[in-house]
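Predicted model and sequence below, questions to follow.
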Amino acid sequence: MRKVEVVPPDPKWRSRFEQEAQAIAPHLASNLVAIHHIGSTSIPGIYAKPIIDILIEVQDIHRVDQPAGGLQSLGYEAMGEFGIPGRRYFRKDNEQGDRTHHVHIFQVGDPEIKRHLDFRDYLRSQPEIAQTYSELKRRLAAAHPHDIEAYMDGKDPWIRAINEQLATEDFLRGL
């Protein structure tokens, strides 16, 4: 069972993302469309689990399933869709067994891309709301230090509410 650890913001998170993105890009070659830093480590000034979340857009999601030149050569474990249809999910641990990276790959145009980027961009543009999220994460980590499922379940209603708000705003702009 993994410890739920939420730590203060680390200015090195951005460079860790950039370094990993540079390592990943050649493995996806001509299939690669874009690489984005997502998750709490991509939002300045908030507490986060010290895991770099990466969202990758590709031309053809099925090419990601081919083992030749895959992310496994960089130490990633392939997890398939892992609960989100159309996604390819990979995770990576360091030598001590601590999780360091999550990679979420979607085919360009998948609505999950917009959802993730909109959530990130909203919190980046609303520092007060980002701090509310940061405090929620700290409380949940303290309450559930050895139960990642309870920690995630505790965050879920808050994240859903923000995503619903963003979807409503998109809908209203389209009228």
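Arrived safely.

Which elements pack onto the helix or strand in which residue 129 is found?
Using DSSP states H and E, residue 129 sits within helix 127-143. On a contact count with 3 or more Cβ pairs under 8 Å, 6 or more residues apart in numbering; DSSP states H and E, helix 127-143 meets helix 111-125, helix 148-174. Where you see a C-beta, it was placed from the backbone N, CA and C, and this is true even at glycine.

which residues are contacting that helix?
Contact with helix 127-143 is made by 4-6, 40, 43-49, 122-124, 150-151, 154-155, 158, 162, as judged by Cβ atoms under 8 Å, 6 or more residues apart in numbering.

Pull out the buried members of those.
Neighbour-count burial (16 or more other Cβ atoms under 10 Å) applied to the contacts of helix 127-143 gives 4, 6, 40, 43, 46-49, 122-123, 151, 154, 162.

Longest strand in the chain, please.
Longest strand in the chain, counting residues (DSSP state E): strand 99-107.

quick one, that one and helix 111-125 angle?
Put simply, strand 99-107 runs at 130 degrees to helix 111-125, going by axes from the mean of the first three to the mean of the last three Cα atoms, to 10 degrees.

The residue nearest the centre of the chain and residue 171: what is the separation?
Centroid check for the chain by Cα atoms, centre = their mean gives residue 53 as the closest residue, at 3.5 Å. For residue 53, the distance to residue 171 (Cβ to Cβ, to the nearest Å) stands at 27 Å.

for residue 79, same thing?
Taking Cβ to Cβ as the measure, residue 79 falls 32 Å from residue 171.
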